[in-house]
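K.L.:
Predicted coordinates and the sequence they were generated for:
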Amino acid sequence: MKRATIGVLLPVALTIHSVIVLAAEPEHERGGDAPAASGSAAAPAASSAVQAAPGSSASGAAPAAPASSASVAAASGTAPAADANLLAELQAAAGADATAVTKQNAASGGASEVPATDASQLGKGVVGNETNPAIALIVTAVGAWFSQGNRIHQEGESPKQTGPDLQGTELSLQAPVDPFFRVAAAVGLYPPDLEEAYAQTTALPWNLQVRAGKFRSLVGRHNALHSHQWTFAAAPLANDFLFGSEGLSAPGGELSVLMPLPWYVELIGAVQAADSAGSFRFRTPGSGEPTYRDFTYPVRLVQFFDLSDDWALQVGANTVQGRSSMGQRGADRAEAYAGDLFLKWRPIGQGTTGYKYIATTVEGWYRKMDVPGGAWRDAGGYAEVTFGLSKQWDTGVRGDLWRRLDRDSEGISLTDRLPYGIDVVRGTAQLSFIPSHFSRVRAQYSFEHSELFPNNHIALLQLEVAAGAHGAHTY
């Protein structure tokens, strides 16, 4: 502790010493009253020394009162001797400290400058709220209007019917446990739902990380997002058709590894017991102990490229394998494959806060799932572009598309197939006002055309507020 204090005081003492010596010099040795911009060789050195001290003037000359005091002290003959002794003591202590650190590193093989800590002592030095959870409450209210009663009904946290509604109320908790684990949970208060609750490692070797509990799978760009992270007021249709209204969120375990490559490459794999996730489901309750075929396996490979100071690109490849929610014994598999892209342009120097940007997201899926009498094959996705206009305004457009690649299904009507996807195209535009980091007001319009229902017009007005400490969102 003493050496650390001396290390902090050393630069302060050196600065004070420079000011005292400068103030004690005769006026002609400091260049007189010439301004710092005079171009003389002595002026830059003198002005930089004076400006390092609080209260110094912009012209490079020390204030009159401190200079007078220093001159008196210098005239008495005591200040230079005391100052020299202090500097000698500080330099000797700093040298001893550096020698001790060097010896310690040599003894430990040079692995770290920080002494090892007994695990039993972890947390005993905490004096703040480092281990208290960061708690946030996010409330999202929406007013909706649909021109058609017969339409594609999105469930979950997407608006469901004409009129006012509480779209979501989420209580979020995040906290470090110790140097080895952190925990996070997201609880839906209305409607009641445990969205996520998991523990995650923070100190595994070889760039590994493990997550266990109930969590949203990281496949694709959209599935992992909570509703307050959406760039639009409703979820893309493709995600509802693939994974159901709540997305692919289920108990399980996940392993990820950051590859030792010159650019960012991460491989993520999980096993989840998806009770009901659109195309995928866990085995029927009461039908015996599950086997490896009964679980859902999402896998994602994501890469990031820093193209320039203004451009960044992220690309992902994804697959989900599992049991079909429409399958029968012997023909009960479902599989999905996807590619996604996120391209962002945020010019440096445009505006004072960097809120001007253009972000493009594209996510496309192909799915095959066994059904009675055959198999369904579908493809679709969405593409969106959002524009940051200023610190408080952004806008965006999105297009949704889904297509049945097989035109006939034996004994299954379009109405039965509706939850898993029919031919549909939707266009959406939104404008958002962001009063602060903790609130947003969004107006949105959509036009929807499907093979089963009349054309549908959708208007939404959304209010979102967040109170409390909330963790940073993923890129």
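P.N.:
Structure received.

K.L.:
low-confidence ranges in this structure?
P.N.:
For the chain, the stretches flagged by pLDDT under 70 are 1-83, 105-131, 283-287, 350-354, 407-411.

K.L.:
how about 50 then?
P.N.:
1-13, 16-17, 19-79, 111-124, 126-127 (pLDDT under 50).

K.L.:
Show me how the record splits it into domains.
P.N.:
2-107, 134-468 (automatic domain parsing).

K.L.:
Highest mean neighbour count out of those domains?
P.N.:
Each of the domains of the chain was scored by mean neighbour count; the highest is domain 134-468, a mean of 17, by mean count of other C-beta atoms under 10 Å. For every residue, glycine as well, the C-beta is placed using N, CA and C.

K.L.:
Let me know the secondary structure of A96.
P.N.:
helix (DSSP: H, G, I helix; E, B strand; the rest coil).

K.L.:
ok, L208 touching S256?
P.N.:
Yes. Contact criterion C-beta atoms under 8 Å: L208 and S256 qualify, at 7.3 Å.

K.L.:
Please identify the nearest residue in space to A235, excluding sequence neighbours.
P.N.:
Spatial nearest neighbour of A235, excluding adjacent residues (C-beta to C-beta, 6 or more residues apart in numbering): S158 at 5.1 Å.

K.L.:
Mind checking what secondary structure the one you found has?
P.N.:
Secondary structure for S158, judged by three-state DSSP, is coil.

K.L.:
Use 303 as the first number from now on
P.N.:
Yes, from this point I'll number from 303; that puts the last item at S460.

K.L.:
From S449, how far out is it?
P.N.:
Separation of S460 from S449 (C-beta to C-beta, to the nearest Å) stands at 17 Å.

K.L.:
for F689, same thing?
P.N.:
27 Å.

K.L.:
Next: S610.
P.N.:
When S610 is compared with S449 (using C-beta to C-beta), they lie 45 Å apart.

K.L.:
Render the CA-only coordinates of the helix or strand hosting V441 in PDB, please.
P.N.:
Assigning secondary structure by DSSP states H and E places V441 in strand 436-448. Provided in PDB are the C-alpha atoms of strand 436-448 (Å, rounded to 0.1, in the frame of the first residue of the first chain):
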ATOM      1  CA  ALA A 436     -28.400  -4.800 -11.900                       C
ATOM      2  CA  ILE A 437     -32.200  -4.700 -11.900                       C
ATOM      3  CA  ALA A 438     -34.300  -3.100 -14.600                       C
ATOM      4  CA  LEU A 439     -38.000  -2.900 -15.400                       C
ATOM      5  CA  ILE A 440     -39.000  -2.500 -19.000                       C
ATOM      6  CA  VAL A 441     -42.700  -1.600 -19.900                       C
ATOM      7  CA  THR A 442     -44.000  -1.600 -23.400                       C
ATOM      8  CA  ALA A 443     -47.500  -0.400 -24.300                       C
ATOM      9  CA  VAL A 444     -49.000  -0.300 -27.700                       C
ATOM     10  CA  GLY A 445     -52.100   0.800 -29.500                       C
ATOM     11  CA  ALA A 446     -52.900  -1.200 -32.600                       C
ATOM     12  CA  TRP A 447     -55.300  -1.100 -35.600                       C
ATOM     13  CA  PHE A 448     -55.900  -4.000 -38.000                       C
END
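
K.L.:
okay, the angle between the helix or strand that that strand is followed by and strand 436-448?
P.N.:
With elements assigned by DSSP H and E, the helix or strand that comes after strand 436-448 is strand 465-480. Taking axes from the mean of the first three to the mean of the last three C-alpha atoms, to 10 degrees, strand 465-480 and strand 436-448 form an angle of 160 degrees between their directions.

K.L.:
Are there helices or strands packed against strand 465-480, and which ones?
P.N.:
strand 436-448, strand 483-492 (3 or more C-beta pairs under 8 Å, 6 or more residues apart in numbering; DSSP states H and E).

K.L.:
Take these and write them to JSON lines, including distance to A402.
P.N.:
Converted to JSON lines, the helices and strands packed on strand 465-480 look like this (distance: least, C-beta to C-beta, whole Å):
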{"stretch": "strand 436-448", "distance to A402": "38"}
{"stretch": "strand 483-492", "distance to A402": "33"}
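
K.L.:
quick revisit: okay, now the sheet partners of the strand holding V441, with direction.
P.N.:
Strand 436-448 sits in its sheet next to strand 465-480 (antiparallel), strand 758-770 (antiparallel), going by DSSP bridges.

K.L.:
so how far is T697 from S734?
P.N.:
7 Å.

K.L.:
oh sorry, the question was meant for D399
P.N.:
On the measure of C-beta to C-beta, D399 and T697 end up 57 Å apart.

K.L.:
F607 too?
P.N.:
The value you get for F607 to T697, if C-beta to C-beta is used, is 26 Å.

K.L.:
Same question for Y657.
P.N.:
Y657 sits 13 Å away from T697, taking C-beta to C-beta as the criterion.

K.L.:
residues shared between the contacts of these two?
P.N.:
L691 (C-beta atoms under 8 Å, 6 or more residues apart in numbering).

K.L.:
Alpha carbons of the top strand by length along the chain, in CSV - could you do that?
P.N.:
Counting by DSSP state E, the longest strand found in the chain is strand 613-630. Coordinates of each C-alpha in strand 613-630 appear next as CSV, following Å, rounded to 0.1, in the frame of the first residue of the first chain:
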residue,chain,number,x,y,z
TRP,A,613,-17.9,0.2,-41.9
ALA,A,614,-18.4,-3.0,-40.0
LEU,A,615,-19.8,-6.4,-41.3
GLN,A,616,-21.1,-9.4,-39.4
VAL,A,617,-22.1,-12.6,-41.2
GLY,A,618,-23.6,-15.8,-39.7
ALA,A,619,-24.4,-19.4,-40.7
ASN,A,620,-27.0,-21.3,-38.7
THR,A,621,-28.7,-24.6,-38.4
VAL,A,622,-31.3,-26.1,-36.1
GLN,A,623,-32.0,-29.9,-35.9
GLY,A,624,-34.6,-31.6,-33.9
ARG,A,625,-38.0,-33.4,-33.6
SER,A,626,-40.8,-32.2,-35.9
SER,A,627,-43.8,-30.8,-34.0
MET,A,628,-46.0,-32.4,-36.8
GLY,A,629,-44.1,-35.7,-37.2
GLN,A,630,-45.1,-39.3,-36.6
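
K.L.:
Report all helices and strands that that strand contacts.
P.N.:
Going by 3+ C-beta pairs under 8 Å, 6+ apart, strand 613-630 lies up against strand 599-608, strand 633-647, strand 659-673.
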